[in-house]
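> with the sequence up front, the predicted model follows.
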Amino acid sequence: MLFHPERVALAGLLVWLLLWLIAPLDQVFPLAWQPMAYMAAGYAGFWLGCLALSGRLKRVIAPQRRRQFGARAFWLVLLIGVAGMALRLYDKFFIRGIDLTVDAMESRELLADAEAGPLAAVGGVLYPFCYVPLMLWWARHRDSGLPGWARPLAIAAFVLPAVDALILLSRSQMLVALSMMYLSAACVLYQGQPLHARLVRPLLIGFTALLGISVAAFMSRLGQMDMDIIFSILNSAYGYVLTPNKTALLLIGENGLAGRSLAALLPLSQYYLHGVYEFSLLWTRPDAQVFTLGTQHFAPYIKAASIFKLITYPDFGTNDIYYRTGVFTTFFGPLWADFAWGGPLFTMLLGMLAKRCGQWAREGRIAVMPLYAYLCVVVFFMPVVNLLVSAQGMYIVNAFVLVALLFGRHRRSAAPLPSAVAQGSA
């Protein structure tokens, strides 16, 4: 399934709809039909892009060859990724003055007030390489020359971005890290089977851990602001468009175990679902929409050029771009603000890229699997957030494109597939 990005997009949409059906939430504002039509056009463009290449690609039932990656490639990407993360951490703690003794909200404010410099830009390009060594380890051959202790190093590098996100309690970046590990394992080890028996338990453990961290982060913020949880649910940024229904409020008011559990989980449901309603508000805003002409989706290139004084970074006011700040507007809010009615064309090109990468990944081209795994993350969460714009998304894409370009022409090896794959196909 994972090697068909159109199915991944459909699965993400169905998961959103399922949560929308079962979550005890009421909408505050009605959904306008125009943004829903734009979302439908965006999805249609993506599926058309996938369909445009479907008939032209070779049909490969099961990969029988993997691209050979030696120890040199493994150590190179590990070094690049760790160096990138070191630059990011140095920029945060020593240049922009983040302090671990202060809370995450204050740290975010410090980062927002201090402009990122060249080190942050370079680190942003390099740190996503941290995701790659573990995938190379999973796909290694017996003659790769890697020692056994390379595996814990690869795992440590993989979780570094999540630890970095944990410092600022960034749920979106933690979600990306968990999703990347899960989808990478499914692609490399289990022939794109997302619900393989060996993946279900790690998926449940990771999902539970993410829920726990999210709830802990939420409660920590409430404690710092000395705010009641019910007041927060009703008056948070997400509560502006989605509020608990009467049954949920009565259950929370009883303060029993069920009520406390619901109070802890409701903000996560608001977090996941609110983007569609915020996109509707963005579309129907009373003032004029300012279009950013691609500067959001291609921000890394524009920022890099402005840091090195090659161009002047466009000064678009955040409130001019988005009707409300600090919220998600699905994948399609930034798409609309960047490209207006050209957005469906962008999603069609994205669909073509994802389909091509999916076919290459299915053929066993390890170099393209990091890029394809991240594209699956982007596509799955389209109803929630634009992960090309948020969570350092385009930096991750750039890094994985570099991986594909640097190692995509490695010689093929006829060595057998990893044992886990062989068992999965048995």
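Sure thing, it's come through. Worth saying up front: this structure is predicted, and the values here are computed from it rather than measured. Numbering: from 1, shown residues only.

> and the residue positioned nearest the centre of the chain, backbone torsions?
Within the chain, one residue has its C-alpha closest to the average C-alpha position: by CA atoms, centre = their mean, that is residue 176, at 3.8 Å. The phi and psi torsions at residue 176 (degrees, to the nearest 10) take the values phi -60, psi -50.

> that one: what's it in contact with?
Residues in contact with residue 176 (CB atoms under 8 Å, 6 or more residues apart in numbering) are 161, 374, 377, 387, 391, 393, 396. For glycine as for every other residue, the C-beta is placed from the backbone atoms N, C-alpha and C.

> quick one: average confidence on the one helix or strand residue 277 maps to?
Remark: residue 277 resides in helix 257-283, with elements defined by DSSP states H and E. Looking at helix 257-283 alone, the average pLDDT works out to 90.

> check which residues of that helix are buried.
Across helix 257-283, burial judged by 16 or more other CB atoms under 10 Å covers 259, 262-264, 266-283.

> and it, what other elements does it pack with?
Using 3 or more CB pairs under 8 Å, 6 or more residues apart in numbering; DSSP states H and E as the contact criterion, the neighbours of helix 257-283 among helices and strands are helix 5-22, strand 25-27, helix 33-54, helix 197-225, helix 229-235, strand 242-244, helix 246-253, helix 332-339.

> could you identify which of these is most buried?
When neighbours are counted by mean count of other CB atoms under 10 Å, the highest per-stretch mean among the helices and strands packed on helix 257-283 falls to helix 332-339, a mean of 25.

> that helix: what's the following helix or strand?
The helix or strand immediately downstream of helix 332-339 is helix 343-362, counting by DSSP H and E.

> tell me which residues in the helix or strand that that following helix is followed by are buried?
Following helix 343-362 in sequence order, the next helix or strand is helix 369-380 (DSSP H and E). Buried residues in helix 369-380, defined by neighbour count with 16+ other CB under 10 Å: 369, 370, 371, 372, 373, 374, 375, 376, 377, 378, 379, 380.

> you'd agree the fourth one is up against residue 354?
Yes - counting by CB atoms under 8 Å, residue 372 does reach residue 354; the two are 7.3 Å apart.

> overlap in contacts, these two.
Taking CB under 8 Å, 6+ apart as the contact criterion, no residue touches both residue 372 and residue 354.

> show me how far stretch 270-283 is from its chain's centre.
18 Å (CA atoms, centre = their mean, to the nearest Å).

> quick one: contacts of that stretch?
When contacts are defined by CB under 8 Å, 6+ apart, stretch 270-283 is touched by residues 16, 19-20, 23, 25, 27-32, 34-36, 38-39, 171, 214, 233, 236, 238-239, 241-242, 289, 322-324, 327-330, 332-333, 336-337, 383-385.

> at 6 Å what do you get?
Where contact means CB atoms under 6 Å, 6 or more residues apart in numbering, the residues beyond stretch 270-283 that reach it are 20, 31-32, 34-35, 238, 241-242, 323, 327-330, 332-333, 384.

> reformat the helices and strands packed on helix 257-283 as JSON lines; add distance to residue 74 and mean pLDDT.
JSON lines is the format used below for the helices and strands packed on helix 257-283 (distance: least, CB to CB, whole Å; pLDDT from 0 to 100):
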{"stretch": "helix 5-22", "distance to residue 74": "27", "mean pLDDT": "96"}
{"stretch": "strand 25-27", "distance to residue 74": "46", "mean pLDDT": "93"}
{"stretch": "helix 33-54", "distance to residue 74": "31", "mean pLDDT": "94"}
{"stretch": "helix 197-225", "distance to residue 74": "22", "mean pLDDT": "74"}
{"stretch": "helix 229-235", "distance to residue 74": "46", "mean pLDDT": "80"}
{"stretch": "strand 242-244", "distance to residue 74": "45", "mean pLDDT": "93"}
{"stretch": "helix 246-253", "distance to residue 74": "50", "mean pLDDT": "87"}
{"stretch": "helix 332-339", "distance to residue 74": "35", "mean pLDDT": "95"}
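
> cheers, nothing more for now.
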